[in-house]
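# Let me see the structure of the following:
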Amino acid sequence: MKVLLVEDDHSVGDFVSRELESAGHECLHVSDGDQGWEQARSGEFDVLIVDRMLPRRDGLTLVSDLRREGVLTPALILSALGDVDNRVLGLQSGADDYLVKPFAMAELLARLEILVRRAGHASELSTRLQVADLEMDLLHQEVRRQGEVISLQPREYKLLEYLMRHAGRVVTRAMLLEHVWGYHFDPQTNVIDVHVSRLRQKIDRDFEPPLLNTVRGAGYRLGDG
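Numbers count the residues shown, from 1 in each chain. Modelled structure (predicted):
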């Protein structure tokens, strides 16, 4: 698992990070809600662990803001507030689980594994992606916009699928190189620019509004706003 831990108590954060890494998982630890927001929006994590009481942006606000942005990464809230009303508030914010401090690390690991497994199963069951009036049928590998079939080359299809799975979020060149081309380094070519340009011509040229947007200095975002 690749875990994002948002925890301002450094002793707790160091302990959880160390235990996760000992169990063979990758963990990034940040200490405030705004840092958590920036990292979680990348879509690069399998699961989020979010402390409830955080500086700059509290845990419940962080999770609800992510859900509003379309970030569906499973999230577990950690909190010393364990009464029923507070647990309900945590789940209503969009969190998938709520664990009360103090906790056993074995239980935290088990809950994280369940959340990741559940999210993976849900993803496998999904056979259709949609962003605005752009639709992708994963079973038949068919793309339509406003009901009109759009013919894509295999790499264009893979690029569009990745963008649709991260709709509304900025996707960086590094993310595309790794997940669409399988590079773990930048070969310093314009291969991404060429494919994005071709894809934009196909999905945006004859339709309104344009969906594939360049975010200057950051990457690309697929969405209608």
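# all contacts plus neighbour counts: C-alpha atoms, from now on.
Fine.
# Give me the neighbour count for the spatially closest residue to residue 119 that is not a sequence neighbour.
Leaving aside its chain neighbours, residue 119 sits nearest to residue 74 (7.0 Å; criterion: Cα to Cα, 6 or more residues apart in numbering). Using other Cα atoms under 10 Å, residue 74 has 21 other residues around it.
# I'd assumed residue 113 was in contact with residue 74.
No: the pair residue 74 / residue 113 is not scored as a contact, 10.5 Å apart, by Cα atoms under 8 Å.
# Give me the distance between residue 23 and residue 106.
10 Å (Cα to Cα, to the nearest Å).
# Equivalent analysis for residue 39, please.
Residue 39 is 25 Å from residue 106, by Cα to Cα.
# who has more neighbours, these two?
Remark: of residue 39 and residue 106, residue 39 carries more neighbours, 17 against 9, as counted by other Cα under 10 Å.
# so which helix or strand takes in the more buried one?
helix 33-40 (DSSP states H and E).
# What are the buried residues along that helix?
Using 16 or more other Cα atoms under 10 Å as the burial criterion, the residues of helix 33-40 that qualify are 33, 34, 36, 37, 39, 40.
# What is the distance between it and the centre of its chain?
When distances are taken as Cα atoms, centre = their mean, to the nearest Å, helix 33-40 is centred 12 Å away from the chain's centroid.
# average pLDDT for that helix?
Per-residue pLDDT over helix 33-40 has a mean of 95.
# after that helix comes which helix or strand?
Next element after helix 33-40 (DSSP H and E): strand 47-51.
# List the buried residues in stretch 6-23.
Judged by neighbour count using 16+ other Cα under 10 Å, the buried positions of stretch 6-23 are 6, 7, 8, 13, 16, 17, 19, 20.
# quick one: the first one and residue 62, what's the gap?
According to Cα to Cα, residue 6 stands 10 Å off from residue 62.
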